[in-house]
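Peer 1: What shape does this take:
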Amino acid sequence: TYEKLLDETGREMHRSWGNAIDAAEALDNMGADVMRLLFCAQVPSQNIRFGYGPAREIKRRLLTLWNSVSFFVTYANIEGYQPRYADLGAGPQTEELRTLDRWLVARTQQLVEETTVAYESFWTPGVTRAFEAFVDDLSNWYIRRSRRRFYEYDDAAFRTLWYALVQALRVIAPVMPFLAEHLWRNLVVKACEDAPQSVFLALWPEIGQPENGLLDEIAAARRVVELGRQARSASGLKHRQPLRRLVVQGATLAEAHIEEVAEELRVKSVEFGDIDSTELLVKPNLPRLGPKLGNELGAVRAALQAGEFEELDGGRFRAAGHELDPDEVLVERRGLEGWAVAAEQGVTVALETALDPELELEGRVLDLIHQLNSMRKDEGFAVTDRIRVALPRSDAELVEQHGAWIAREVLAVGIEFGDADEPQLTRA
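Peer 2: Predicted structure coming up:
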């Protein structure tokens, strides 16, 4: 049972108030799986807000899983991929696995471990949190970074993604039985003759030994990427605009993944080391430091204001003879002119924001590619359709220097110029 069942605005439900929802009506309009997820995600000791608004949010999050499965099925059908049911044991075993594949296998093993512990503790909020975090990682890191491998048949990528999707269905099935069963039959039963006919007839996944070191490295790299995006946003630069240089301080685990960081942030080079392009401002967090320091607070405040402090590991500082923990100070890093800076929990990134003609041209190319691919989708072209492109003559410089790149990205067999002010697409 839950503390109280409230409507989605936080008001108690009463039929006389018109905000009560009949169970049969909710099942018809929300769906059983959505209702189950809504309740299972809630901590029982807290009030639960029930209504169509929270249900729509659950559906929105489930759409990430649905789109991930749809992506896999689309390209598996195009390429004729045939999964192996035996891969669900210890994961796909092949020397062709790349670092990103190994990471997803490890991340999947971590999901199985986390959900097993949560189920054995009768703690469904832990199950739903672990599942949603995993689906986000799978979609927004693995699939996004691996798309090209599915366009040109890569067996290791198909095997890894199928393994991850199916294992995720197995662990979420007790909470989300209907959708899990539907996807199991499409991903597994139709493809593997030796597979159980139902996800509920399959044994519980084995808990493997994930590569925790690799998980930590990718987590550090993604943290750098997120801070880099924050720096871009703060400077007003579009995420598609290439930049020259990124400097990272305090994220040594990410050094093994420089290439991924550079690709994600569209920078030509990534350096790890001290950052000299920032101004560091530190102020005391008075509600925390006041009771701790008492009369000595004034000396610490004066030292911080004068810049007389030492930065320590883990986001700590030393000032006026006192060591200050991360929650006892308010830290602000400002980029000097020509730099955008973001920092969090001891990690700082600095992006060089100056643009030269080469970078500006590449930014225009990426904008054009984005526009053409959006037109492909809006005009109903299939993902495998080849096209011919007619561009305004004002884009001649882009094609002259990067025509092959543009054609490859939009599946164009030819690019020509016309008199129209906007691009035109035709099926080849």
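Peer 1: Whatever helix or strand Phe72 lives in packs against which elements?
Peer 2: Element membership for Phe72 (DSSP states H and E) is helix 52-79. Contact partners of helix 52-79 among helices and strands, from 3 or more Cβ pairs under 8 Å, 6 or more residues apart in numbering; DSSP states H and E: helix 23-30, helix 32-40, helix 124-137, helix 144-151, helix 155-172. C-beta: built from backbone N, CA, C; applies to glycine.
Peer 1: switch the cut-off to 6 Å
Peer 2: Helix 52-79 sits against helix 32-40, helix 124-137, with contacts defined as 3 or more Cβ pairs under 6 Å, 6 or more residues apart in numbering; DSSP states H and E.
Peer 1: Turn those helices into CSV, columns for mean pLDDT and mean neighbour count.
Peer 2: Below are the helices and strands packed on helix 52-79 laid out as CSV (pLDDT from 0 to 100; neighbours: other Cβ atoms under 10 Å):
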stretch, mean pLDDT, mean neighbour count
helix 32-40, 90, 19
helix 124-137, 96, 20
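Peer 1: Trp103: which of these is closest?
Peer 2: helix 124-137 (9.0 Å; Cβ to Cβ).
Peer 1: Name the surrounding residues that touch that closest one.
Peer 2: Around helix 124-137, the neighbours that count as contacts under Cβ atoms under 6 Å, 6 or more residues apart in numbering are 40-41, 43, 61, 64-65, 107, 111, 114-115, 118, 172, 175.
Peer 1: how about these in JSON lines, adding distance to Phe272?
Peer 2: Output for those, formatted as JSON lines (distance: Cβ to Cβ, whole Å):
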{"residue": "Cys40", "distance to Phe272": "42"}
{"residue": "Ala41", "distance to Phe272": "39"}
{"residue": "Val43", "distance to Phe272": "40"}
{"residue": "Arg61", "distance to Phe272": "35"}
{"residue": "Thr64", "distance to Phe272": "32"}
{"residue": "Leu65", "distance to Phe272": "35"}
{"residue": "Arg107", "distance to Phe272": "24"}
{"residue": "Leu111", "distance to Phe272": "30"}
{"residue": "Glu114", "distance to Phe272": "31"}
{"residue": "Thr115", "distance to Phe272": "35"}
{"residue": "Ala118", "distance to Phe272": "36"}
{"residue": "Ile172", "distance to Phe272": "38"}
{"residue": "Val175", "distance to Phe272": "41"}
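Peer 1: could you flag which of these are buried?
Peer 2: Neighbour counting by 16 or more other Cβ atoms under 10 Å classes 40-41, 61, 64-65, 107, 111, 114-115, 118, 172, 175 among these as buried.
Peer 1: hmm, back to that, the helix holding Phe72: what's the following helix or strand?
Peer 2: According to DSSP H and E, the helix or strand after helix 52-79 is helix 99-120.
Peer 1: helices or strands next to that next one in the packing?
Peer 2: helix 124-137, helix 155-172, helix 212-235.
Peer 1: most tightly surrounded among those helices?
Peer 2: helix 155-172 (a mean of 23; mean count of other Cβ atoms under 10 Å).
Peer 1: Could I get the average pLDDT for that one?
Peer 2: For helix 155-172, mean pLDDT is 96.
Peer 1: Format the helices and strands packed on helix 52-79 as JSON lines; extra columns: distance to Asp87.
Peer 2: Below are these laid out as JSON lines (distance: least, Cβ to Cβ, whole Å):
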{"stretch": "helix 32-40", "distance to Asp87": "26"}
{"stretch": "helix 124-137", "distance to Asp87": "18"}
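Peer 1: so where's the stretch 1-150 of the chain shaky on pLDDT?
Peer 2: Along the stretch 1-150 of the chain, segments meeting pLDDT under 70 span 1-3.
Peer 1: Residue nearest the middle of this protein, spatially speaking?
Peer 2: Asn140 (3.5 Å; Cα atoms, centre = their mean).
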